[in-house]
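In: 3D model of this:
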Amino acid sequence: MSAPSLKVVVAITSPIAFHQLKNQTILSTCIKSAQSFVATVAGAQLAIAGSAPDLAKVADIDCEKIVCDPSKPGELAGALRGAHVDLVMIQDSQRPLTNQAQFERVYAGLVAELMRFAQFHPLPRP
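Out: A predicted model of the protein is given here:
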């Protein structure tokens, strides 16, 4: 199996995402961290999930916008159903201090599990 495709979704789960942290919003800190990680994974995509009014505040950021209530797991899952990727990593905007090493460890663990699973269950391709 080739390297799995990946989408990293920054989920705006609270108005606190727009509060300031070290001269920028908490959300900006999250997005920059996610962007840095996405840049290291070939073909990875970045998306931001949130309400339409919240997404309007980040309209200038060049990435996919997913309109939903990401604090409701079923609604977020439904919005991601057509993602056409092997893996989705979700970063809650309430966790602005997630760093590159944490992203890498989670991704490595997910890839390892996916590869183990794929040995016995071929993954369908769109």
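In: outside of the lengthiest helix in the chain, which residues touch it?
Out: For the chain, the helix with the greatest residue count under DSSP state H is helix 100-120. Residues outside helix 100-120 that contact it (C-beta atoms under 8 Å, 6 or more residues apart in numbering): 1, 3-4, 6, 8, 33-34, 36-37, 40-41, 86-87, 89, 123. (C-beta placed from N, C-alpha, C; glycine too.)
In: Flag whichever of those scores worst on pLDDT.
Out: For the contacts of helix 100-120, the weakest pLDDT value sits at Met1, with 53.
In: What average pLDDT does the longest helix of the chain get?
Out: Mean pLDDT, computed over helix 100-120, is 86.
In: Skipping adjacent residues, who's closest to Phe18 in space?
Out: Thr25 (5.2 Å; C-beta to C-beta, 6 or more residues apart in numbering).
In: if I read this right, the one you found contacts Ile12, doesn't it?
Out: No: Thr25 is beyond contact range of Ile12, at 10.4 Å (criterion: C-beta atoms under 8 Å).
In: picking that back up, what residues sit buried inside the longest helix of the chain?
Out: Buried positions in helix 100-120, judged by neighbour count with 16 or more other C-beta atoms under 10 Å: Phe103, Tyr107, Leu110, Val111.
In: Present those as TSV; the columns should include distance to Lys57.
Out: TSV is the format used below for the buried residues of helix 100-120 (distance: C-beta to C-beta, whole Å):
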residue	distance to Lys57
Phe103	24
Tyr107	28
Leu110	30
Val111	33
